[in-house]
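Novice: Here is a sequence with its predicted model. Questions after.
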Protein chains: 2
Amino acid sequence: MTVVTRGVPQPHAMDTRSLLERIPLFARFDDEARARLAARCLTRTHGAGHVLFTTGEPCRGLYIVASGRVRIYRTSPTGREQVLHTEGPGRPVAELPLFDGGPYPASAVTEVQSRLVFLPRADFEALYRENPDVAEEVIRELGKRLRHLVRVAETLAFRDVAARLASFLSEYAEQYGTETAAGTEIVLDRTREELSQELGTARESVSRALKQLAQKGVIRTLARRRILIPDVTRLRTLGRPGERARYE
Amino acid sequence: MTVVTRGVPQPHAMDTRSLLERIPLFARFDDEARARLAARCLTRTHGAGHVLFTTGEPCRGLYIVASGRVRIYRTSPTGREQVLHTEGPGRPVAELPLFDGGPYPASAVTEVQSRLVFLPRADFEALYRENPDVAEEVIRELGKRLRHLVRVAETLAFRDVAARLASFLSEYAEQYGTETAAGTEIVLDRTREELSQELGTARESVSRALKQLAQKGVIRTLARRRILIPDVTRLRTLGRPGERARYE
DNA sequence: CTCCGTTCGAGACAACCGTCACACCGGAGC
DNA sequence: GCTCCGGTGTGACGGTTGTCTCGAACGGAG
């Protein structure tokens, strides 16, 4: 989790413009508006582990993930992390504090080498005032976040580690899995440590939970990070709220 | 938690109008707009324990708490509840699903006898389209929710019950406490059961945590629901993220 | 005042999980 | 081949907490 590459400005504004087209937040704009917007943006590439901002900092502006992945999380003084959500290409990060003027409610870090479009706060405010449609898009984004966080809270409150893992894996399989004759196969691009932060638990507990799911036959580890899920529906059932996946 | 009074329509539209004035969501409207709005609203009074909506239901409209208190929560199949937030007079409930068209992400119930203003979905949409200021106010509300939920998630992930309780009590004391010579005194209007749902734990654990805080001397129970906090700052410290309030 | 449902405290128990410690594996680099 | 070293599995241990059970205390209704 160390900084591999320092952020360096990139001159290619053209890329930014075509990128903005594919972002829901700015999809309704015409070409001219997007061109003006693109001129305001700064594109930077950061290596894995670059901290964009931390909890409590005043908000500097809006980030949009062009490529790579950004993890938004909270840290406890003892060093444990709880991942709130991760955002991939085309997704905005930290749009909330832009509106209410408050500090960042969480921290953000690049999980892999990532290209990020940065829009300074002042420019975003101007954009937002002269273009009311943005508001609706922002509400939609905030809504998604809210729904997601409701589920995170419920997960932490009700479900044991195995159930959380089952839930995570089944969602992952539905989104990124590839169908084979024997079932759905997924390639986990996370270490146990990263998984544990996402699930709000410890590294070792993830190992144990994986083992238990394997003993039950709902998953099978093919290689170091390749997992076969014979029946995704069955796995999803184990992850249902309130279910205890362990010990039958 | 049983229904005491069925909801009955109330004819007094005058009340509604003056109520709307004090709601941030509609504060920017002029009197005429508010009058039109008030005409669309339905005011109902429900007894304690009346379920307004449950998780997954399609959204019917916006609720605003006129008096009383509404609890928003998720339920596990085993019957446990996790309170996400509670809303009092002047606060809107369930504005989120109005925008993205999705179902209610949680359930809501009146904690005490409450008067609720209900604005049907179609009317709210019309209002929202012709009045962009509403959007900004909604974003502000969603922002508050989001920040709150981030803290709920962190709390559940990192802190033990005693720390969560300490955090809750110190916040409660700062908001509703009355200063005395011996410290801050609070009157808890919740049962242990309700507290446990708010803190994401069991009734018995709340009792244990209260006892431990009392043994440490940071709180002192005066009567059934009256608690004296000699030093609120010290209590707050115990509730800080990552702190383990138990066993020093 | 008595009755009775609600609320509360307390003890016992097992499950779950975080932590520590240690061994192992596999790839990168020499 | 070799050594590192990050990632991983496993066992042990203790603390926290959910659950069960019981009895006591409270408070409103009659």
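Specialist: Received it, and whenever you're ready, just let me know what you need. Since the model is a prediction, treat every value here as computed from it, not as a measurement.
Novice: Quick one: name whatever helix or strand follows whichever strand or helix holds residue A:151.
Specialist: Secondary structure from DSSP states H and E places residue A:151 in helix A:133-158. Using DSSP H and E, the next helix or strand after helix A:133-158 towards the C-terminus is helix A:161-176.
Novice: which helices and strands does that next one pack with?
Specialist: Other helices and strands packing on helix A:161-176, by 3 or more Cβ pairs under 8 Å, 6 or more residues apart in numbering or on different chains; DSSP states H and E, are strand A:183-187, helix A:192-199, helix A:203-216, strand A:226-229, helix A:232-238. Heads up, the C-betas are built off the backbone N, CA and C, glycines and all.
Novice: Which of those sits closest to residue A:160?
Specialist: helix A:203-216 (8.3 Å; Cβ to Cβ).
Novice: so the residue nearest the centre of chain A bridges to which residues?
Specialist: Nearest residue to the geometric centre of chain A (Cα atoms, centre = their mean): residue A:86, 1.0 Å. Residue A:86 has these beta-bridge partners by DSSP bridges: residue A:71.
Novice: For it, give me its contacts.
Specialist: A:69-72, A:111, A:198 (Cβ atoms under 8 Å, 6 or more residues apart in numbering or on different chains).
Novice: ok, now with 10 Å
Specialist: A:65, A:69-73, A:93, A:108, A:111, A:190, A:194, A:198 (Cβ atoms under 10 Å, 6 or more residues apart in numbering or on different chains).
Novice: now, the most widely separated pair of those residues?
Specialist: A:93 and A:190 (18.9 Å).
Novice: Looking at those two, which has the bigger crowd around it?
Specialist: Shown here are residue A:93 and residue A:190; by other Cβ atoms under 10 Å in any protein chain shown, residue A:93 has more neighbours (21 against 16).
Novice: Hmm, the more buried one is touching residue A:65, no?
Specialist: Yes. Between residue A:93 and residue A:65 there is a contact under Cβ atoms under 10 Å: 6.5 Å.
Novice: Spit out the residues that contact the two alike.
Specialist: With Cβ under 10 Å, 6+ apart as the test, residue A:93 and residue A:65 both reach A:86-87, A:116.
Novice: Turn those into a markdown table, columns for pLDDT.
Specialist: As requested, the shared contacts of residue A:93 and residue A:65 are arranged in a markdown table below (pLDDT from 0 to 100):
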| residue | pLDDT |
| --- | --- |
| A:86 | 90 |
| A:87 | 91 |
| A:116 | 93 |
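Novice: What residues does chain A have near DNA strand D?
Specialist: Taking Cβ under 7 Å from any atom of the strand as the contact definition, chain A meets DNA strand D at A:191-193, A:203-204, A:206-208, A:210-211, A:221, A:224-225.
Novice: could these go into CSV alongside distance to chain B, pLDDT and neighbour count?
Specialist: Formatted as CSV, the residues of chain A next to DNA strand D follow (distance: Cβ to the nearest Cβ, whole Å; pLDDT from 0 to 100; neighbours: other Cβ atoms under 10 Å in any protein chain shown):
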residue, distance to chain B, pLDDT, neighbour count
A:191, 19, 92, 12
A:192, 17, 94, 15
A:193, 15, 93, 13
A:203, 15, 95, 14
A:204, 17, 96, 10
A:206, 14, 96, 25
A:207, 19, 95, 13
A:208, 18, 95, 16
A:210, 20, 95, 20
A:211, 23, 94, 13
A:221, 27, 90, 14
A:224, 28, 81, 7
A:225, 25, 85, 12
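Novice: Compare the helices and strands packed on helix A:161-176 and report which one is nearest to residue B:24.
Specialist: Comparing the helices and strands packed on helix A:161-176 under Cβ to Cβ, the one sitting nearest is helix A:192-199, at 35.3 Å.
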